[in-house]
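[1] Fold the following.
(one chain, ligands or ions: 2)
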Amino acid sequence: MAHRHFKAYEQIGLAFGIGLMTLAPLGSCASARAADIQPILQVQGALEEGDNVLDEDKSLYDVHNFQGRAGQSVTISVDSTDFDTYVLIADDNGKVLEENDDLSEDNSNSRLTLTLPRDGTYHIIVNGYESKDRGRYNLTVN
Ligand SMILES: [Ca+2]
Ligand SMILES: [Ca+2]
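    Residues are numbered from 1 along each chain as shown. Ligands and ions are numbered 1, 2, ... in the order given. You can find the predicted model right below:
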């Protein structure tokens, strides 16, 4: 159902442009060797009241950042037993590069793989498919 979300991406981009100055810098920057053996990013989060809300469909979202390198291949996985996940990755300008709703027809978790276009900060948007979606999720970037 990518079409429903399409307009929302523009809004996410705008939100990044405005909110970027308030985003905390990443505390750690793993060495290339460490990145080979441990995830780039591993987060246990939750969609809950008070999180960001997409204007278009009122679904909640969290944003998680990581530092990437040009040509680096990353796989982003979001799993939840509480809700139907949706994931997007945007560059530092807020441009959405890739998105995924369900990793298969019978699995509503989200996964995407892409090759990063340049060195810089990337933003992962963990989103609920529906406005009512709440609950815990696991985000892993490899
Ligand atoms: Ca949250
Ligand atoms: Ca999904």
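[2] C-alpha only now, for contacts and for neighbours.
    Noted.
[3] so how far is Thr121 from the residue lying closest to Asp133 once chain neighbours are set aside?
    Once flanking residues are discounted, Asp133 sits nearest to Phe83: 5.5 Å by Cα to Cα, 6 or more residues apart in numbering. Counting by Cα to Cα, to the nearest Å, the separation of Phe83 from Thr121 is 27 Å.
[4] Could you check which of the two is surrounded by more residues?
    Shown here are Phe83 and Thr121; by other Cα atoms under 10 Å, Phe83 has more neighbours (20 against 16).
[5] I'd like to know the phi and psi angles of the more buried one, please.
    In terms of degrees, to the nearest 10, the main-chain angles of Phe83 are phi -150, psi 170.
[6] Surely it and Gly135 touch.
    Yes - with contacts counted by Cα atoms under 8 Å, Phe83 reaches Gly135, the gap being 6.4 Å.
[7] residue boundaries of the helices in this structure?
    In the chain, the helices defined using DSSP state H lie at 2-19, 32-37.
[8] If you average pLDDT over each of these, which is lowest?
    For those, mean pLDDT drops lowest on helix 2-19, to a mean of 50.
[9] Which residue lies nearest the spatial centre of the chain?
    Nearest to the geometric centre of the chain sits Ile124, at 2.3 Å (Cα atoms, centre = their mean).
[10] got a pLDDT number for that one?
    pLDDT, Ile124: 98.
[11] Can you give me the neighbour number for the residue nearest to it when sequence neighbours are not counted?
    Sequence neighbours aside, Ile89 is the residue nearest to Ile124 in space, at 4.5 Å (criterion: Cα to Cα, 6+ apart). Ile89: 24 surrounding residues under other Cα under 10 Å.
[12] Who are the contact partners of Ile89?
    Val96, Leu97, Glu98, Glu99, Tyr122, His123, Ile124, Ile125 (Cα atoms under 8 Å, 6 or more residues apart in numbering).
[13] Recalculate using a threshold of 6 Å.
    Val96, Leu97, Glu98, His123, Ile124 (Cα atoms under 6 Å, 6 or more residues apart in numbering).
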